[in-house]
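Enquirer: can't give you the sequence, but here's the structure:
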């Protein structure tokens, strides 16, 4: 309510200005109103200053404080944004390094894997070659044994055939005699 | 009861009678003749194996057979007893058991002599003599021929084998050839 206390004085000033405008001569009409209006303005300004000074000052102070706070806040936010930017830039740099490291590691791993696969393939090839050689050697040995067995069998069969063809009664008697001789040696 | 046990019992009973009457060797020879007829006549084996032929019919056939194969009354009665007891199917085992028991009781030993070509009587006598020296017992030689021997002699006596056949020599040759090639 104190803030609007100057309103009655302001209304009085306006009424007096209207009353003066309705009377007076040509001369008075030339200087009087001007002086009066000037005075009136001064009074008005004085009233305004008197009553509006404190609120205006408070308002300005509040406004200044608010602006200061806003500036501080903006500075803080700016700082935070800067810090975040720095952080992101650092992370970005770090990510780039990580990506580079990862790529390097992957290349190295790839090389190792390639070398391992080549070594495994060589080992497999060597193993297969040795197994094939062993299988071939075994098969050759078996074939040789079969062949030798067949040769031995053929030799014995041929010997039996020849003996059967050539064996005469006299030979049977001789064989029986030799058999009996051997038994007598044992006895 | 096992067939061999049955054969042993019948053979022992028959041998006891033969020894008592001093005809055990004769009974042995008669059994061999009858056994040979049975082994060489499948119809006869069928007659004594097939249950559709009654005992009377079997006895009738046996009587006819014994008219051809002359045997002593002891052997005749023994064969009819086997027919009644349905034991003719064990005749082969009974004959073997009879010979084993007879040999044992008389101190003889039996030798199975296999040859590719039949031995002469002097050769058989010499063989009996030498086998007798080897075993220290009287030897009964049972010769048989087997051309698979090719030549030579194989004697089985008292669980031992004296193999002098050409077949055995060829087998030895074959084994040596295999060994030398390994």
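Expert: Nice, I can see it. None of the values given here were measured: they were computed from a predicted structure.
Enquirer: and the helices in chain B, which stretches?
Expert: Listed in chain order, the helices of chain B (DSSP state H) span B:3-21, B:24-40, B:42-49, B:55-68, B:73-84, B:91-106, B:121-135, B:166-181.
Enquirer: what residues does chain B have near chain A?
Expert: Residues of chain B lying close to chain A by Cβ under 8 Å from any Cβ of the partner chain are B:115-117, B:119-120, B:123, B:126-127, B:130-131, B:133-134, B:150-153, B:155, B:162, B:164, B:166, B:170, B:173-174, B:177-178, B:181-182. In short, each C-beta sits where N, CA and C put it, glycine included.
Enquirer: elements contacting the helix or strand bottoming out on mean pLDDT in chain B?
Expert: Counting by mean pLDDT, DSSP states H and E, chain B has its least confident helix or strand at helix B:166-181, which shows a mean of 89. Contacts defined by 3 or more Cβ pairs under 8 Å, 6 or more residues apart in numbering or on different chains; DSSP states H and E place helix B:166-181 against helix A:26-166, strand B:152-157.
Enquirer: how about 6 Å then?
Expert: helix A:26-166 (3 or more Cβ pairs under 6 Å, 6 or more residues apart in numbering or on different chains; DSSP states H and E).
Enquirer: the helix it packs on - contacts with which helices or strands?
Expert: Checked by 3+ Cβ pairs under 6 Å, 6+ apart, helix A:26-166 has helix A:7-22, helix B:166-181 packed alongside it.
Enquirer: what element comes up after it heading to the C-terminus?
Expert: Using DSSP states H and E, the next helix or strand after helix A:26-166 towards the C-terminus is helix A:169-186.
Enquirer: any weak-confidence spans in chain B?
Expert: B:1-3, B:181-182 (pLDDT under 70).
Enquirer: the residue nearest the centre of it: what's it in contact with?
Expert: With distances taken as Cα atoms, centre = their mean, the residue of chain B nearest its centroid is residue B:96 (5.4 Å). Not one residue lies near residue B:96 by Cβ atoms under 6 Å, 6 or more residues apart in numbering or on different chains.
Enquirer: any idea how far it is from residue A:88?
Expert: Going from residue B:96 to residue A:88 by Cβ to Cβ, to the nearest Å gives 113 Å.
Enquirer: per-residue pLDDT, residue A:61?
Expert: The score at residue A:61 is 86. That number is its pLDDT.
Enquirer: so how many other residues sit close to it?
Expert: Neighbourhood size, residue A:61 [other Cβ atoms under 10 Å in any protein chain shown]: 10.
Enquirer: low-confidence ranges, chain A, go.
Expert: For chain A (pLDDT under 70), the answer is A:1-30.
Enquirer: which residues touch residue A:178?
Expert: Residue A:178 makes contact with no residue under the criterion Cβ under 6 Å, 6+ apart.
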